[in-house]
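K.L.:
Below: sequence and its predicted model.
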Amino acid sequence: MLTKEEQDKLTPDTVLELLKEGNRRFVSGTLTIRDHSQQIRDATSGQYPKAIILSCVDSRVPVEDVFDRGIGDLFVARVAGNFENTAILGSMEFACKVSGSKLVLVLGHEYCGAVKGAIDNVELGNITPMLKNIRPAIEHFTEYEGDKTSKNEEFVHMVAEQSVRGTIKDI
Ligand SMILES: [Zn+2]
């Protein structure tokens, strides 16, 4: 758990470096072992997280683990396809302006079902309007001459990356 004083000393660059270091531990399989029951007790007095992460809902991307963080370290906003909307922007403003977080990070990922669904124009209930948020990233590649279906891993990767870039710009 961070204190307010510790949070105040952080800069966006130091937070980004801490998250990259945590991600290296995740990749190398050396995650920090945490006593969550103690952390929960420590957290009752308040929270001073370092960053807010916008992530996809994908079950294979457990955000705190991906950055080797524990309780009280991060705000996490999640929506399939990791795009922003008014509620997410409000959550980011709460994280940074009200709670003092130093960094907004948009986390995309490989083999994203939302990106694949948007590429294939999946139509199903509320998924249809949700996937429209990913359309601009697909339309960015109108000149692309390869196979524009979710079977093309290269295209899925390009759209996922472009979607993160577009989301950062929109934020
Ligand atoms: Zn996804």
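P.N.:
Looks like it came in fine.
K.L.:
CA only for contacts and neighbour counts going forward, please
P.N.:
Fine.
K.L.:
Off-centre distance for the worst-scoring helix or strand of the chain on mean pLDDT?
P.N.:
Sorted by mean pLDDT, DSSP states H and E, the helices and strands of the chain end with helix 36-43, the least confident at a mean of 79. Relative to its chain's centre, helix 36-43 lies at 24 Å (CA atoms, centre = their mean, to the nearest Å).
K.L.:
residues making contact with the next helix or strand after that helix?
P.N.:
Heading C-terminal from helix 36-43, the first helix or strand you meet, by DSSP states H and E, is strand 51-55. The set of residues external to strand 51-55 that reach it, using CA atoms under 8 Å, 6 or more residues apart in numbering, is 15, 63, 73-83, 92, 95-96, 101-108.
K.L.:
that older thread, could I get the buried residue list for the least confident helix or strand of the chain?
P.N.:
Ala43 (16 or more other CA atoms under 10 Å).
K.L.:
Which helix or which strand is home to Ile71?
P.N.:
Here Ile71 is assigned to no helix or strand, by DSSP H and E.
K.L.:
Tell me which residues touch it, please.
P.N.:
Counting by CA under 8 Å, 6+ apart, Ile71 touches 1, 36, 39-40, 43.
K.L.:
again, but for Lys20
P.N.:
Phe67 are the contacts of Lys20 under CA under 8 Å, 6+ apart.
K.L.:
does it sit in a helix or strand, and which one?
P.N.:
Using DSSP H and E, Lys20 falls within helix 12-28.
K.L.:
Buried residues of that helix, list them for me.
P.N.:
Buried residues in helix 12-28, counted by 16+ other CA under 10 Å: 15-16, 18-19, 22-26.
K.L.:
For those residues, give me CSV that also has pLDDT.
P.N.:
Formatted as CSV, these follow (pLDDT from 0 to 100):
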residue, pLDDT
Val15, 96
Leu16, 97
Leu18, 96
Leu19, 97
Gly22, 96
Asn23, 97
Arg24, 97
Arg25, 96
Phe26, 95
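K.L.:
Appreciated, that's everything.
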